[in-house]
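Student: Provided below are the primary sequence and the corresponding predicted coordinates.
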Amino acid sequence: MRIYDFEVIDRCLFLKRDKILIIGDLHLGYEDGLMQLGTVVPRNQLNITIEILKRILNKTGKLNQIIFLGDVKHYFGKILKQERDDFRSIIELFNDFLNKNGKIVITTGNHDKILIPITNKYENIKVLDNYVFNNILFIHGDQSSVKKSYELIKNKDIDYIILGHFHPAYILRDKRSIKEEKYKCFLYGYSKEYNKNVVFIPSFFPLIEGSDIINNLEIYEKGMKIILIAENGKTYSFNQI
Amino acid sequence: MENKFSYITARKDNELAESLDPLVREWFFSRFPSFSLTQKYGVLPVFERKSILISAPTGGTKTLTAFLSILNYLVGLSRKDELEDRIYAVYCSPLKALSSDIFVNLIEPLRQIEELAKKKNIEMQKIRVGLRTGDTTASEKAKMAKKSPHILITTPESLAIMINSPKFVEKFFRLEFMIVDEIHSLAENKRGTHLSLTLERIQALSAMPIVRIGLSATVSPLEKIANYLVGQGKECLIANVEMTKKLDLQILSPVEDFLKTNSIELNTKLYEMMDELIQKNKTTLIFTNTRAATERVVNNLKEKFPKNYFENIGTHHSSLSKEHRQEIEQSLRDGKLKVVVCSTSLELGIDIGYIDLVILLGSPKAVSRAMQRIGRAGHQLHETARGKFIVYDFDDLVECAIIQKNSKEKIIDEVHIPENCLDVLAQQIFGMSIYKTWHVNEMFNLIKQSYCYRNLTKNDFFSVISYLAGEYDLNVRNLYSKIWYDPTTGQVGKRGKLARMIYMTNIGTIPDESFASVVDGAGGEIGKIDEIFLEKLKKGDVFVLGGKKYQFLYNKGMKVYVVPSDRNPTIPSWFSEMLPLSFTTACSIGKFRRLLNEEFRAKKSPDEIKGFIAEYVYCDEKTAKTIYNYFQKQYKTSLIPTDKKILVEEFNSDGKKYIIFHSLFGRRVNDALSRACAFSVASARKRDVEVGISDNGFFIAGKEIETDKILKGLKLLNENNIRKVLDEAIEKTEVLKRRFRHCAARSLMILRNYRGYTKSAGKQQMSSHFLLAAVNKSTKDFPILKEARREVLEDLMDINNAAEILRKINNHEIKIEIKNTKIMSPFAINLILQGHTDVIKIEDKNAFIKRVWEELEK
């Protein structure tokens, strides 16, 4: 399954020829963040995240580059212990799958304004406001990152914009019965707002599907298509919404 | 010691008079001509220091009955200058407002007694009455801590807070009397479960056995409520005071044949009937069953009869702001309102002045509720209570007829008291650990004193201890756990400096439904709407709240901004959980069906049968005729289902097949039966199945379902396996998610208030979906999840009676008969229309998406 030049693997985009994997919002440390607000849940996020990552990495093989589209960590304001530990676990996993001189790029999101303290100990990680590869612009997608990348968005050498942040999801309904289920999805197509082809990628975060693109988000424009992701990683493209 | 409950009789006037201190006696007879019936039952047992449950209809003199001997005792002490600085009696009531009411009713008598004493030059210490609820200010609390009230008026939550405050708890050390008012309304939900443990804790604090006094409306069985009041191994007297108020009841039907009347005409006639009755009376109270219906009725009355209803009509329900409700209550007392439309909010005893007529719009679903509502008319014990049922369809008519009959014959519905609630237990164990360090056995034994936990297993107890001690989360050290438990010494205590503050600011059992606050331009709160309704609102929508129309502008998180509108409402009101028909009343209706069926089978004449109906349900000719026609049509078209015969009808429509079960056992039992049945069918097919549930039965629908497979599924169920089947059946439902979130809040898994944040919904809101997903992936035996399941199966549904029905089906006490009809029988039509549908999810998400995609590709 493809979106433009990308291959779709589970909930990630993959540039096969250049061996680049693009990963959406991770929100590591979510459970610690909840604890700060007085809610205690058992810790499962990291296990499931790693399980799914392994599933994807087994399909991609060794990579040259990994791009995180922001919101790698969840808690605003400071770095929690869980975030530090979980981030380390993720990077260690990737190190097994990165080629020599492989790089990791993180485009900052609204949740991870403070990342340097945990990333600066790794030489191969760069934290940027946005990232350009060939004719593709990668940004998180919140207001701040869009503002900062305004010139690039308008730039005529850029043909595609890949965004995270919105956690797009779609509610699928069975016409004849009253059953409905929510699924993570990719939303892509020509956007009048950006005047470019855009791809909104789903959050990687395994515990919630995301926001309903029809009723809650205002990113959908007529003509855009979706690809739904089932829990087992299989993807289904739907041309009509 | 064994439990012992004994009914008592009224005592004699002179016995009572002799028990009173001369000053009190003089005061009493200066105000009242004689002792009321309730007082003749209840005053002396309290004087004799015996625990007692007093069941009397609303509007009785219950308050003074409970207090008279206590006041007498305190006056005696104060005259001898022996009154100490401690609490002698606690009065606990579920409503903050009620507590304020009683305060007024207690202060006055005391003031009058003091005046009388002054006049007679009798010296008396001042008897202090203190009020403490969630609304009490900090300075008032501080004053109370310094100078103890002798009588404390409070709510269950404030009581729990007080016994955990080091400054306050010692005032309870020599408590002598504990009064629990409206105990029936507390016992049947988790607030009562919580209170039962608080009562045992207070008893454990006190040096002497506390006399417990329960004040209850008419419920059944009274022994259960008495047991709830005093706990295990105790004695309790029961005073069952008869209602001397005469019941003047009538059933009114706006049309003769509901099936032949279209809804517009029905609506018109309904409102004409209501208007006529309201105009004929000075003050009318109209009860509906839901907030949505309350709003609708007020709106329609204003629209259809604008000259009659403007400032003189009021709305009252639990989603309206406190200020609005108090305004309405005061206006009622002042006689300024001609009609107030309310839901269950005005059932409990707040004084609302004199009501000429109570209208019950539609069945109140239980006899006890009917009696409480009708009892609001008049409000003095000896007057006549005038109540009219206005019905809106055939089944409603039959239901109201039976409720009317059972009201007259005092056949009251059996009360359900939740047991072994692990979330409340978690909260209370945490509270206990804050107070002191315990040995687990000491703690366990205290808990088992409560009726609600008499069957608690050691397993469940220790799993809650483990949860609180943070042992369900082995990966995280230094976790936010609330207690520590040392298995070698068996000691349990609190952990962390914040423990007390966390407990105090998060105590309670009323679930934080995610409500959005509706505010007007000035920022004043008009009322609340729930999250689900908010999700449906679109810009410009007009909806009704508090009897007025508002246009939705926008919302910021959980604050909804509106502006008054006079356009028509564009969005139907929200769905709130509907009142279920009580099992007892359902069985009565089933029995009525059986008796009528026998009349038809004996080929009695129409007039004979109508006569039978009129006599049986105490109704007039017109009503009997309408009921007769309904049953006659059913008898002709199909069969009359009864309490001993479940009729199963098959019906096809739109390519969908409906299999309809006429099992009149009430929604709670049918919820359990239908889901269990559908689940066993769905599992076999590996596809979802649609289910419709109502009080009168349920239906299963789908494209390729077969009746004999469904019946086989039903036959496989029995009283032993139903719990296991249902546990699986509810696994993925919305209702389990929601209840789990409530339980998580009660067991302090989610804190409302933490470190200065008060969590409102919005970005911070814990979605039920997430919470359940997070917990499910860890362990199946998580006690809070177990409790959520128990709550769904036992409190929301009625698995116990469902199991009993299955037992009767399996040993043929209840028969099942199948009929295939070309047209839907009259009973079936109603069932389908009322059925609240749901989907039994078997098909997993992966298969679903694959299937829909394949279909679209075709």
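Tutor: Cool, the structure landed. Numbers count the residues shown, from 1 in each chain, chains lettered A, B, ... in the order given.
Student: point me to the helix or strand that includes the closest residue to B:Thr642 other than its chain neighbours.
Tutor: Excluding its sequence neighbours, the residue lying closest to B:Thr642 (CB to CB, 6 or more residues apart in numbering or on different chains) is B:Arg594, at 3.6 Å. In this view, the C-beta of every residue, glycine as well, is placed from N, C-alpha and C. Here B:Arg594, judged by DSSP states H and E, is contained in helix B:583-601.
Student: helices or strands next to that helix in the packing?
Tutor: Contacts defined by 3 or more CB pairs under 8 Å, 6 or more residues apart in numbering or on different chains; DSSP states H and E place helix B:583-601 against helix B:394-409, helix B:606-617, helix B:621-637, helix B:667-685.
Student: now the shortest one: average pLDDT?
Tutor: On average, the pLDDT along helix B:606-617 is 95.
Student: try the last one
Tutor: Averaged across helix B:667-685, the pLDDT comes to 84.
Student: which helix or strand in the chain has the lowest average pLDDT?
Tutor: With no chain named, the answer covers chain A. helix A:30-36 (a mean of 77; mean pLDDT, DSSP states H and E).
Student: um, chain B though
Tutor: Among the helices and strands of chain B, strand B:757-758 carries the lowest confidence by mean pLDDT, DSSP H and E, at a mean of 55.
Student: need the next SSE after the longest strand seen in chain A, C-terminal direction.
Tutor: Of all the segments of type strand in chain A, defined by DSSP state E, the longest one is strand A:180-191. The helix or strand immediately downstream of strand A:180-191 is strand A:196-200, counting by DSSP H and E.
Student: next SSE downstream of that next one?
Tutor: Next in sequence after strand A:196-200, counting helices and strands by DSSP H and E, comes strand A:211-212.
Student: how many neighbours does B:Ser368 have?
Tutor: 26 (other CB atoms under 10 Å in any protein chain shown).
Student: remind me which residues of the stretch 101-250 of chain B are low pLDDT?
Tutor: B:101, B:104 (pLDDT under 70).
Student: let me see the ranges of the strands in it.
Tutor: For the stretch 101-250 of chain B, strands defined by DSSP state E, counting those that start in this stretch occupy the ranges B:129-132, B:151-154, B:177-180, B:211-216, B:235-240, B:246-252.
Student: quick one on the thing from earlier: most packed of the helices and strands packed on helix B:583-601?
Tutor: The highest average neighbour count among the helices and strands packed on helix B:583-601, using mean count of other CB atoms under 10 Å in any protein chain shown, belongs to helix B:667-685 at a mean of 25.
Student: returning to what we had before: make a markdown table from the strands of the stretch 101-250 of chain B and add distance to B:Gly655 to it.
Tutor: Formatted as a markdown table, the strands of the stretch 101-250 of chain B follow (distance: least, CB to CB, whole Å):
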| stretch | distance to B:Gly655 |
| --- | --- |
| strand B:129-132 | 63 |
| strand B:151-154 | 60 |
| strand B:177-180 | 57 |
| strand B:211-216 | 53 |
| strand B:235-240 | 57 |
| strand B:246-252 | 40 |
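Student: picking up where we left off before, any buried residues in the longest strand of chain A, and which?
Tutor: A:Glu181, A:Lys182, A:Tyr183, A:Lys184, A:Cys185, A:Phe186, A:Leu187, A:Tyr188, A:Gly189, A:Ser191 (16 or more other CB atoms under 10 Å in any protein chain shown).
Student: do stretch B:592-601 as well
Tutor: Neighbour-count burial for stretch B:592-601 [16+ other CB under 10 Å]: B:Phe592, B:Arg593, B:Leu596, B:Asn597, B:Glu599, B:Phe600.
Student: and the longest helix along chain B, how far from the chain's centre?
Tutor: Secondary structure of chain B read by DSSP state H shows that its longest helix is helix B:96-119. Computed by CA atoms, centre = their mean, to the nearest Å, the chain-centroid distance of helix B:96-119 equals 31 Å.
Student: and for that helix, what are the contacting residues?
Tutor: Residues from elsewhere that reach helix B:96-119 (CB atoms under 8 Å, 6 or more residues apart in numbering or on different chains): B:23-24, B:26-27, B:30-31, B:63-64, B:67, B:71, B:75, B:79, B:91, B:93, B:123-124, B:126-127, B:129, B:131, B:133-135, B:151, B:153-155, B:181-182, B:326, B:329, B:348-351.
Student: try it again with 6 Å
Tutor: By CB atoms under 6 Å, 6 or more residues apart in numbering or on different chains, the surrounding residues in contact with helix B:96-119 are B:Leu23, B:Trp27, B:Thr63, B:Ser93, B:Met124, B:Ile127, B:Val129, B:Leu131, B:Thr133, B:Ile153, B:Ile350, B:Asp351.
Student: kindly report the same for stretch B:655-672.
Tutor: B:580-581, B:583, B:586, B:589-590, B:641, B:646-651, B:693, B:695-701, B:705, B:707, B:710, B:797-799, B:801-802, B:827-828.
Student: is it possible to mark the buried ones in the residues you listed?
Tutor: B:580-581, B:583, B:586, B:589-590, B:641, B:646-651, B:693, B:695-701, B:705, B:710, B:797-799, B:801-802, B:827-828.
Student: export the strands of the stretch 101-250 of chain B to TSV and tack on mean neighbour count and distance to chain A?
Tutor: As requested, those are exported to TSV (neighbours: other CB atoms under 10 Å in any protein chain shown; distance: least, CB to the nearest CB, whole Å):
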stretch	mean neighbour count	distance to chain A
strand B:129-132	20	26
strand B:151-154	24	26
strand B:177-180	24	31
strand B:211-216	26	35
strand B:235-240	20	40
strand B:246-252	17	36
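Student: about what we covered before: close to chain B, is the longest strand of chain A?
Tutor: Yes - shown here: strand A:180-191 in contact with chain B (CB under 6 Å from any CB of the partner chain) through A:Glu181.
Student: noted, bye for now.
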